[in-house]
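Visitor: Model the following, please.
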Amino acid sequence: MYSLYLWDGLKARYIRELLDIFTLYDEKIKPVFSDPEGEAEEYKATVWEQFMQRPVAEDSYIEPDHFVDSVMEMAYERFELFSLMRYRTRMAWISCLRQVWEQQIYKFLLDESKHPHSIFQLDSKKGGDFNYIKNCYTNFGVDFSTLNNWDKINELRLLVNVIKHGDGTSADTLRNLRPDYFASTSRFFTISPDDDLLKYHGASLLDQVLQVSDQDFKEYLDALVDFWKQLPEYMNYQSQP
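Guide: As a prediction, this is how the structure comes out:
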């Protein structure tokens, strides 16, 4: 009987690739935007110091109080920029995690299909068709829907679709699973209880519309790592994909 062979070293490599994504984000990338308030205060102090130190002709002197509003506005814009970039960065790395995992499961099948004694053919034009790839594994006796944490992995798929495309069908499904992602936390306005920030803005990356945390990121990582741990070393061929 022909089998896919997922040897321990390869499984460990796939897991390490996923862990490295989160570790690099957590240790190197996240700190850049971790303190919008502090960044705004530092920026405000720098701008104010530059203003106070600039040479001014005696007949063109302007009272510093006249610049207070401008400096405060610049500091607030800096705060908004860093807050938005913190949000965008988290969304981008969550998307990266999902895309790397999808390419891993496809690449494993592709490499196995290229073995000289392989008895199945993989349609390389369908590498981006997740349902096709999932069915290929089913034909080797692995039903993704029966695996632990599959609901979490599917939730991640929906989230990444929302990140990429904004409001739509995936967002509607995700709202039922994770209504907390769509709750308004704005300090400046409220919206109808029947509405949410994504519906209000439409796009997912132009404003902070999804309340997804680093803890959510970590839970998605754990689900994908667990996926690889659950796959058997040998997956026996059932039928042609």
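
Visitor: for the chain, what spans make up the strands?
Guide: 3-5, 234-236 (DSSP state E).

Visitor: looking at those strands, which is buried most?
Guide: strand 3-5 (a mean of 17; mean count of other C-beta atoms under 10 Å). In short, each C-beta sits where N, CA and C put it, glycine included.

Visitor: What pairs with that strand, parallel or antiparallel?
Guide: strand 234-236 (antiparallel) (DSSP bridges).

Visitor: Contact partners for Val209?
Guide: Phe182, Asp196, Leu197, Leu198, Tyr200, His201, Ala203 (C-beta atoms under 8 Å, 6 or more residues apart in numbering).

Visitor: Please apply the same query to Glu155.
Guide: Leu174, Leu177, Arg178, Tyr220.

Visitor: related to what we said a few turns ago, any chance of the strands of the chain in JSON lines, with mean pLDDT and distance to Asn135 too?
Guide: Formatted as JSON lines, the strands of the chain follow (pLDDT from 0 to 100; distance: least, C-beta to C-beta, whole Å):
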{"stretch": "strand 3-5", "mean pLDDT": "93", "distance to Asn135": "14"}
{"stretch": "strand 234-236", "mean pLDDT": "94", "distance to Asn135": "14"}
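
Visitor: So Met235 is in contact with Tyr137, correct?
Guide: Yes - counting by C-beta atoms under 8 Å, Tyr137 is a contact partner of Met235 at 7.3 Å.

Visitor: what do these two both touch?
Guide: By C-beta under 8 Å, 6+ apart, no residue touches both Met235 and Tyr137.

Visitor: max-length helix in this protein?
Guide: helix 68-113 (DSSP state H).

Visitor: Please name the nearest non-neighbouring residue to Asp8.
Guide: Glu233 (7.3 Å; C-beta to C-beta, 6 or more residues apart in numbering).

Visitor: I'd like to know how many residues surround the one you found.
Guide: A total of 12 residues lie near Glu233 under the criterion other C-beta atoms under 10 Å.

Visitor: tell me how far the ends of stretch 230-237 are from each other?
Guide: In stretch 230-237, first residue to last residue: 18 Å (C-alpha to C-alpha, to the nearest Å).

Visitor: Surely Arg157 is in contact with Phe144?
Guide: No - using C-beta under 8 Å, Arg157 is not in contact with Phe144, being 11.0 Å away.

Visitor: Cheers, nothing more for now.
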